[in-house]
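Chemist: I would like the atomic coordinates for the input below:
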Amino acid sequence: MKPTLLLLLTLVTTAPLFGGPADAGRHPETLRQGDRAPGVTLRSPDGKQTVTLADFRGKQPVVLIFGSYTCPPFRDVYPTLERLHGTYGEKVAFLYVYIREAHAEDGWKMKRNQKEGIAIKDPKTMEERTAVAQQACAFFKTKIPGVVDTIDDATDRAYAAWPSRIFLVDEQGAIAVRGDPGPRGLVPAARAVEKWLEKNAPLATRAP
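Modeler: Okay, the predicted model is just below:
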C-alpha cells in the first residue's frame with residue numbers, strides 16, 4: 001500500500017439517537033479540528049500487516065476507518081466510502097478499522113441484524129475480535145484495507161470513535177476533518193471529506 005493520504009475514517013457501530021444504550025458506551029470527547037491525531041499502530045485481520053500512523057507524518061496524509069459489523073447505518077454508508085476509495089485510492093490511503101460492536105446479540109440487539117442473519121456476539125478476546133473483523137471484511141467485499149483495534153479499545157478511546165465517526169488527518173498529522181459522532185454524522189462527514197479531497201488531492205485526469 002502506497003498512500004499519499006491517510007484519511008481517518010472512524011465509522012463504528014451506531015444507534016438511532018444519542019442518549020440511549022449505544023451512547024452509554026461512548027468515550028469522553030477530547031479531540032478538535034487542528035489537534036494532533038493520536039498515534040495508531042494496528043494489525044490487519046490476517047496478522048500479516050502492521051500500520052503505524054506516525055510513519056506517514058511529515059510525508060503524506062493517511063486513512064484509517066473504524067467500524068463494526070452489526071451497525072446497519074455503517075453498512076449502508078460503506079458503499080459511499082468504497083466509491084471514495086475507488087476515486088482517490090491511488091492518492092489517498094483508506095483503512096477500515098474494526099472496533100467493538102454496538103448492536104451485538106449479547107448487548108443491544110437490533111431486529112434488522114437478525115433479519116439479515118448478522119447475529120454477532122461482542123468479541124471478548126483478540127482472537128474473537130479478529131475473526132469477526134474478517135467476517136465484516138468479507139461481507140463488505142472491501143477493497144479498503146482493514147485493521148483491528150486492540151481488545152482494550154485503545155484507538156476507539158483515543159478518538160472517542162464509538163458509535164460511528166469520520167476523521168481526516170493531514171500530512172502533518174493534524175485533524176483536518178472531524179465528523180460528528182453517530183449515524184447523523186456519517187453522511188455530512190463523508191461529504192466534508194470528499195470536498196477536502198477534491199481540493200487537496202485532485203485527480204490527475206481532471207482539467208487544471
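Chemist: hey, let's count contacts and neighbours off CA atoms from now on
Modeler: Fine.
Chemist: now the helices for this protein?
Modeler: Shown for the chain, the helices assigned by DSSP state H span residues 72-88, 111-115, 126-140, 154-159, 183-200.
Chemist: Switch the ones you listed over to TSV; also include distance to Val97 and mean neighbour count.
Modeler: Putting those into TSV (distance: least, C-alpha to C-alpha, whole Å; neighbours: other C-alpha atoms under 10 Å) gives the following:
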stretch	distance to Val97	mean neighbour count
helix 72-88	12	17
helix 111-115	20	13
helix 126-140	9	17
helix 154-159	9	19
helix 183-200	15	17
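Chemist: lowest-pLDDT helix or strand in the chain?
Modeler: When each helix and strand of the chain is scored by mean pLDDT, DSSP states H and E, strand 6-10 comes last, with a mean of 49.
Chemist: what's the neighbour count on the closest residue to Ala119 other than its chain neighbours?
Modeler: Of all residues beyond its chain neighbours, the one nearest Ala119 is Glu105 (5.9 Å), with distances taken as C-alpha to C-alpha, 6 or more residues apart in numbering. Glu105 has 17 neighbours, counted by other C-alpha atoms under 10 Å.
Chemist: Model confidence for Glu105, exactly?
Modeler: pLDDT for Glu105: 91.
Chemist: For it, give me its contacts.
Modeler: With contact set as C-alpha atoms under 8 Å, 6 or more residues apart in numbering, Glu105 has these partners: Ala119, Ile120, Lys121, Asp122.
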